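Asks: A predicted structure for the sequence below; I have some questions about it.
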Amino acid sequence: MDTEGKRLLYVGAEFPDINDITGSDWQVDKTTCAAGALALHQRTHYDVGLMYLDNLDSKVLRELEECLLICQPLRWVALVVPGVLQRSGYAEFIYNNFEDYHTLPIDSERLHITLGHLYGMARLKKQLSQHDEEEVTASYEMFGQSPQMHDLFRQLEKVSRVDSPVLLSGESGTGKELVARGLHRHSSRRKGPFVAVNCGAMPEKLVQSELFGHEKGAFTGAMKRKTGKIEAANGGTIFLDEIGDLPYEAQANLLRFLQEGTIERVGNTEITNVDVRVLAATHVDLEKAVEQGSFREDLYYRLNVLRLNIPPLRARVGDIELLANRFFTIFTEKNGGKMKGFSQLAIKMMNNHAWPGNVRELINRVQRAVVMAESRLITPKDLGLEKRHAERFANSLHDVRHHAEKKVIMDTLSSANNNVSEASRVLGVSRVTLYRLMNKYELTRTGS
């Protein structure tokens, strides 16, 4: 087996012979606590971890469990002192978090074989994951290498396999409809219709008719029977974009459809059965809308069975240049231009820009630049990001983002009574991502 780059993260009491135990083909980095492990994990890639467990109190165990969550996908082996598995909670802790365990004194030969096996499996999983993720990004027509997008791709693979309602949250321009179409395309309903509805664009008086249909003569102007959007999606998926803008009166009928799988056309009391999966999207805070009484709480929970948060472009570290180059290639191929790419200053200005319009704004700016640029390299002026515009962000944008993100996490943890699972649900991220962000901003569960 190729042993180049075999690094082991060891956490726990200092073993004078730990290098002898692991063998000369491992490079071992040692630390005695969870905080040290997280610091090492941020700086270095590890495939395998070894953790020493003796008679630890519950607080230390919780810290170690959080460390294990953040350090995924490391494969861990536990070193345990005799009798520790009989202590309350230890057996479950080890079973849930470790691939294997060894009771002291160590059988060096057996441990060495175990570590080598886990290293090989970790490398194999990484190879397969990279291939799978490339297929996922291409099939969903979404691209990105940031941790936020990696999390989203993993969630998409899980959500596409089930038939439950999904609530997509995110700012305008982040690609919520693109995600919805991808979920439909990968679902068991892919042979059925996909119907997209912008709830904010429908005239309030016609919402019921648009969603549920109407009979001829049901109201003035109803010259013939009309099939509603929900019925038109029978056997497939309906995407309700900007669900937060749906009038309160129409929410009751939508709730009834979600509960019973039936609709009534306007002007007809006959019940029609429909089989439709509902995907909904919003850029507004539905929880706040529920508190303010503008959105039904029961409907919110019916829609919010599964939730995906689409990250804003400014939070996708490293993705701005990647996406800009991709769109540049697409537009130059269409226009037959001979441009070379972006100037270094243009790249700097793009990374400093706040992107309030997200990916949609990036597409528009790159497309405009390809058409309007007069030199071989796109400049900030071509993008509409002149230096005087970008300088307003250059020195402080990082600090502003850092402070804003940290404050949101602190406030959410506080409102969730430091329940990480609840806070991660509210923020629309996984527990692992939230733990990683807490570690990044040096936050404990008390928000200090």
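Replies: Okay, I see it. Numbers count the residues shown, from 1 in each chain.
Asks: most centrally placed residue in this protein?
Replies: Centrality entry for the chain: nearest residue to the mean C-alpha point is residue 152, 3.1 Å, by C-alpha atoms, centre = their mean.
Asks: what sits against that residue?
Replies: Neighbouring residues of residue 152 by C-beta atoms under 8 Å, 6 or more residues apart in numbering: 142, 308-311. For the C-beta atoms, the positions are set from N, CA and C on the backbone; glycine is no exception.
Asks: buried ones in whichever strand or helix holds it, by neighbour count?
Replies: According to DSSP states H and E, residue 152 maps onto helix 147-159. By neighbour count with 16 or more other C-beta atoms under 10 Å, helix 147-159 contains the buried residues 147-149, 151-156, 159.
Asks: report all helices and strands that the helix or strand following it contacts.
Replies: Next helix or strand after helix 147-159 toward the C-terminus (DSSP H and E): strand 166-169. Judged by 3 or more C-beta pairs under 8 Å, 6 or more residues apart in numbering; DSSP states H and E, strand 166-169 is in contact with helix 176-185, strand 277-282, strand 306-309.
Asks: the ones you listed: which one's closest to residue 102?
Replies: Nearest of those to residue 102, taken as C-beta to C-beta: strand 306-309 at 39.1 Å.
Asks: packing partners of the closest one?
Replies: Using 3+ C-beta pairs under 8 Å, 6+ apart, strand 306-309 sits against helix 147-159, strand 166-169.
Asks: partner strands of it, parallel or antiparallel?
Replies: When pairing is defined by DSSP bridges, strand 306-309 lines up against strand 166-169 (parallel).
Asks: roughly how far is the partner strand from the heart of the chain?
Replies: Its chain's C-alpha centre and that of strand 166-169 lie 11 Å apart, by C-alpha atoms, centre = their mean, to the nearest Å.
Asks: again with stretch 202-210
Replies: With C-alpha atoms, centre = their mean, you get 33 Å for stretch 202-210.
Asks: and the residue of the chain most remote from its centre, how far is that from residue 204?
Replies: Farthest-out residue of the chain from its mean C-alpha position, per C-alpha atoms, centre = their mean: residue 217, at 47.1 Å. Separation of residue 217 from residue 204 (C-beta to C-beta, to the nearest Å): 21 Å.
Asks: quick one: the closest residue to residue 188 other than its chain neighbours from residue 278, how far?
Replies: Of all residues not flanking residue 188 in the chain, residue 163 sits nearest, at 6.9 Å (C-beta to C-beta, 6 or more residues apart in numbering). From residue 163 across to residue 278, the span is 10 Å (C-beta to C-beta).
Asks: more neighbours: those two, which one.
Replies: The neighbour count for residue 163 versus residue 278, taken as other C-beta atoms under 10 Å, is higher for residue 278 (21 against 11).
Asks: so the more buried one sits against residue 241, correct?
Replies: No: counting by C-beta atoms under 8 Å, residue 241 is not a contact partner of residue 278; they are 11.8 Å apart.
Asks: so where does the residue farthest from the centre of the chain fall, helix or strand?
Replies: For residue 217, there is no host helix or strand (DSSP H and E).
Asks: so what pLDDT did it get?
Replies: At residue 217, the model reports a pLDDT of 75.
Asks: wait, it touches residue 268, no?
Replies: No: using C-beta under 8 Å, residue 217 is not in contact with residue 268; the gap is 10.5 Å.
Asks: remind me which residues of the stretch 101-250 of the chain are low pLDDT?
Replies: Within the stretch 101-250 of the chain, the ranges that satisfy pLDDT under 70 run 125-141.
Asks: how about a cut-off of 90?
Replies: Within the stretch 101-250 of the chain, the stretches with pLDDT under 90 are 102-158, 160-162, 170, 172, 186, 199-210, 212-228, 247-250.
Asks: helices of that one, start to end?
Replies: For the stretch 101-250 of the chain, the helices defined by DSSP state H, counting those that start in this stretch cover 108-139, 147-159, 176-185, 207-212, 229-232, 248-260.
Asks: rewinding a little: and the helices and strands packed on strand 166-169 as CSV, adding distance to residue 42?
Replies: Converted to CSV, the helices and strands packed on strand 166-169 look like this (distance: least, C-beta to C-beta, whole Å):
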stretch, distance to residue 42
helix 176-185, 29
strand 277-282, 33
strand 306-309, 23
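Asks: figure out which of the ones you listed is closest to residue 317.
Replies: With respect to residue 317, and counting by C-beta to C-beta, the nearest of the helices and strands packed on strand 166-169 is strand 306-309 at 16.0 Å.
Asks: past that closest one, which element shows up next along the chain?
Replies: Using DSSP H and E, the helix or strand that directly follows strand 306-309 along the chain is helix 319-335.
Asks: quick one: buried residues of that next one?
Replies: 319-320, 323-324, 327-328, 331-332.
Asks: pick the one among the residues you listed closest to residue 435.
Replies: residue 319 (21.9 Å).
Asks: buried residues in stretch 105-113?
Replies: By neighbour count on 16+ other C-beta under 10 Å, the buried set for stretch 105-113 is 111-112.
Asks: please apply the same query to stretch 164-182.
Replies: For stretch 164-182, a neighbour-count test (16+ other C-beta under 10 Å) marks 165-171, 173-177, 179-182 as buried.
Asks: circling back to that earlier point, nearest to residue 432, out of the helices of the stretch 101-250 of the chain?
Replies: Among the helices of the stretch 101-250 of the chain, helix 147-159 comes nearest to residue 432, with 7.8 Å by C-beta to C-beta.
Asks: by how many degrees do that closest one and helix 319-335 diverge?
Replies: With axes from the mean of the first three to the mean of the last three C-alpha atoms, to 10 degrees defining the directions, helix 147-159 sits at 80 degrees from helix 319-335.
Asks: one step back: indicate which one of the helices and strands packed on strand 166-169 is closest to residue 225.
Replies: That would be strand 277-282 among the helices and strands packed on strand 166-169, by C-beta to C-beta, at 23.8 Å.
Asks: what about the residue nearest to residue 188, distance to residue 305?
Replies: Computed as C-beta to C-beta, the residue 163 to residue 305 distance reads 10 Å.
Asks: other residues contacting stretch 28-42?
Replies: 7-14, 18-19, 22, 44, 46, 49, 60, 63-64, 66-67, 70-71, 74, 439.
Asks: figure out the length between the terminal residues of it.
Replies: Counting by C-alpha to C-alpha, to the nearest Å, you get 16 Å between the two ends of stretch 28-42.
Asks: so for it, what gets flagged as buried?
Replies: In stretch 28-42, counting by 16+ other C-beta under 10 Å, buried: 28-31, 34, 37-38, 40-41.
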